[in-house]
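Trainee: Here's a sequence, model it:
(chains A and B)
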Number of protein chains: 2
Amino acid sequence: MSVTAPLGFRAAGVAAGIKAGGARDVALVVNDGPSRAAAGVFTANRIKAAPVLWSQQVLRGGRVFAVVLNSGGANACTGSEGFQDTHATAEKVAALLGDSAGEVAVCSTGLIGERLPMDALLAGVETAAGQLDRDGGLPAADAIRTTDTVSKISFRRGSGYMVGGMAKGAGMLAPGLATMLCVLTTDADVPADRLDAVLREAVSVTFDRLDTDGCMSTNDTVLLLASGASGVTPDEREFAAKVTEVCADLSRQLLVDAEGATKAIAIEVVGAASVDDAVKVGRAVARSNLFKCAIYGEDPNWGRILSAVGTTDAVFEPDRVNVAVNGIWICRGGAAGDDRGKVDLRPRDVTVTIDLSAGTDTATIHTTDLTTAYVHENSAYST
Amino acid sequence: MSVTAPLGFRAAGVAAGIKAGGARDVALVVNDGPSRAAAGVFTANRIKAAPVLWSQQVLRGGRVFAVVLNSGGANACTGSEGFQDTHATAEKVAALLGDSAGEVAVCSTGLIGERLPMDALLAGVETAAGQLDRDGGLPAADAIRTTDTVSKISFRRGSGYMVGGMAKGAGMLAPGLATMLCVLTTDADVPADRLDAVLREAVSVTFDRLDTDGCMSTNDTVLLLASGASGVTPDEREFAAKVTEVCADLSRQLLVDAEGATKAIAIEVVGAASVDDAVKVGRAVARSNLFKCAIYGEDPNWGRILSAVGTTDAVFEPDRVNVAVNGIWICRGGAAGDDRGKVDLRPRDVTVTIDLSAGTDTATIHTTDLTTAYVHENSAYST
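Mentor: Presented below is the predicted three-dimensional model:
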């Protein structure tokens, strides 16, 4: 399970005292090779945290032998001192493991705008290095949690190789990723450029289609590390499918654990003139607070869905749009359709289907409802 | 006050039984001339309610002698029958007043997707026509309320003429207008093309800079009617200023009455390379649920502000952005600045100043906080 499911990886998760309360807050993942091929996808936010700026440089080389992660502080908007803190963390890992800091990726998550407590962090890194283990995947996944109520881990078996992963993120899930950190590992033998292509494609149809509150983090990072320890060069399509499956599984876990949510909503857009149009429409609906409040109230308010669709420039005719909620077509031809009283919105899973009648393309965006608990969680605590 | 402050206008507001509970729900505003020059600005939503489609046609002629408005139903997403209902309403007004339906504008507000109770509405229009009065501005403003807790009215005196207005709207305030209806009147003598230019400019810096929940309605309409009854041809700049002042005053009233809000937030963007950039940045912050929750919690969380700024393509360097909340520069050069403990967020009015250090342009976007009351109001009731 988790990042240590594939051969060639060790991990650890320890409590360094960055978080109050003694929970685990530093994780380390090490790739023992023989390959160190790696790829990364980072936040599209132009305000990027120091560890993102650092790791982007590292990934340009296409090689990663270790990833160090901390919760309890994002190290974002911390100026050049913050960047030096990230650099020092990578140097510490390199010194402990006798290797180059230029192949150490760094990820941080937590409150923006505050420096990390470096003494505690570096001591924690040293402890983690001493605990690196083939069974360390679970404690590592635990150490990267912030408001996550559970650890998120996944793995899939390919033909002679494995793909594993861990992720964190419970709010701020948005396009161009989400406040999420994700480390994927595989013991397949795949060169960095191929990992990059596979990762970008997998992310674009999984994490990028998760939009719980429309907010985009400064720290989002998804890494894919290949050890090659299985000795297997995988079939390209199978490998891409396995990586995508792990990403989809982790996305689903993030969605279900989103802050304060009571519903997991899939917005399926069908009959679109292009996938871009379908994504655009799905995202507009996913970002409508009025729609999200209605679902919280178990009200199949298709008028709020159409209002959101109408804000996009997707190809459609207003009088040809159909909308179903949980399978009941309550809007047909842009007007009232079947009896809305037939819609059962009590289950946690909600499916909204929007038929644009403009083509054959489709995309699904996943979101959650907007609840009083979300507002409470994000107003009562600084995160 | 209201739409009957200028000479040449009569109005009425009556209870037609469209709303449950017997509140006023039909308003009529009549321009007795001698001029009938008029202009209108409508929702940018591509899903437009029947009365918007109708009134857009009417305004193409540049002449309006009456506006009929109803609350209790939006007549949006109601198909060709809904359009016929709007047409019938205009015809009813024309028949009662012995004039042409082609110069009767129609506005509706309320739940999307349901047909209007036409018998009640047409009977109400007849009652309203019988009650038209120079003192009818207040009952008319009352009749267009939905979740508005108070009527919104305003007027300004020019040199020998007046500008008056009424508006409704308490949620869904967003760019390209808001679920808002607004009727402005003046007894100045101004041709339709000039009214159009003045109205577009006034709306672009007032209603269009109000963004309470990012949702855009299907029914938004702002009309400006000139009777010319004062006989005064106004100074162009003074007239534009008066119309803008009335729009700004009504915008402010809409903001303060926004659903469930506890804070009125002004997001001032300064140092922008263009006004478009300033508007874009202000809007991105106004749409961040995390930011809006933080203000509700009286937490000066500048990290959430920077995260939102970073999602735009405005010209700025991340390490040159400064942010003040209520005058305290808590973020300087993209990192922590003055002590955030000094920020007093207890007052209802909150000012966020974002200095992009990229130019000299500026714009202010007005929004509200995101509260548990907003979620409650929009989940417990269909609107």
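Trainee: Just give me the neighbour total for the residue in the stretch 251-383 of chain A that chain B sits nearest to.
Mentor: At 2.7 Å from chain B, A:Gly303 is the closest residue in the stretch 251-383 of chain A, using C-beta to the nearest C-beta. All C-beta atoms are positioned from the backbone trio N, CA, C, and that covers glycine. Residues near A:Gly303, counting by other C-beta atoms under 10 Å in any protein chain shown, number 24.
Trainee: Can you classify it by secondary structure?
Mentor: Three-state call for A:Gly303 (DSSP: H, G, I helix; E, B strand; the rest coil): helix.
Trainee: Without its sequence neighbours, what residue ends up closest to it?
Mentor: Of all residues not flanking A:Gly303 in the chain, B:Ile112 sits nearest, at 2.7 Å (C-beta to C-beta, 6 or more residues apart in numbering or on different chains).
Trainee: wait, what's in contact with that neighbour?
Mentor: By C-beta atoms under 8 Å, 6 or more residues apart in numbering or on different chains, the residues touching B:Ile112 are A:Asn301, A:Trp302, A:Gly303, A:Arg304, A:Leu306, A:Ser307, B:Ala49, B:Ala74, B:Ala76, B:Cys77, B:Thr218.
Trainee: ok, it to B:Leu53 distance?
Mentor: Noted for B:Ile112: a distance of 14 Å to B:Leu53, by C-beta to C-beta, to the nearest Å.
Trainee: which bits of the stretch 251-383 of chain A sit near chain B?
Mentor: Neighbours of chain B within the stretch 251-383 of chain A, by C-beta under 8 Å from any C-beta of the partner chain: A:287-290, A:293-294, A:296-297, A:299, A:301-304, A:306-312, A:316, A:318-319, A:331, A:333-336, A:370-372, A:374-376, A:378-382.
Trainee: before we move on, the earlier item: a markdown table please, covering the contacts of B:Ile112 and showing distance to B:Glu236 and pLDDT.
Mentor: What follows is the contacts of B:Ile112, written out as a markdown table (distance: C-beta to C-beta, whole Å; pLDDT from 0 to 100):
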| residue | distance to B:Glu236 | pLDDT |
| --- | --- | --- |
| A:Asn301 | 45 | 91 |
| A:Trp302 | 46 | 93 |
| A:Gly303 | 41 | 89 |
| A:Arg304 | 41 | 88 |
| A:Leu306 | 40 | 92 |
| A:Ser307 | 37 | 88 |
| B:Ala49 | 33 | 93 |
| B:Ala74 | 36 | 92 |
| B:Ala76 | 36 | 92 |
| B:Cys77 | 40 | 91 |
| B:Thr218 | 34 | 86 |
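Trainee: farthest pair in those residues?
Mentor: Using C-beta to C-beta, the contacts of B:Ile112 span at most 15.5 Å, a distance reached by A:Asn301 and B:Ala49.
Trainee: Among those two, which residue is more densely surrounded?
Mentor: More neighbours surround B:Ala49 than the other of A:Asn301 and B:Ala49, with 31 against 25 (other C-beta under 10 Å).
Trainee: Just the element for the nearest residue to the more buried one once chain neighbours are set aside, please.
Mentor: The spatial neighbour of B:Ala49 that comes closest, neighbours along the chain excluded (C-beta to C-beta, 6+ apart), is B:Ala76 at 3.5 Å. Secondary structure from DSSP states H and E places B:Ala76 outside every helix and strand.
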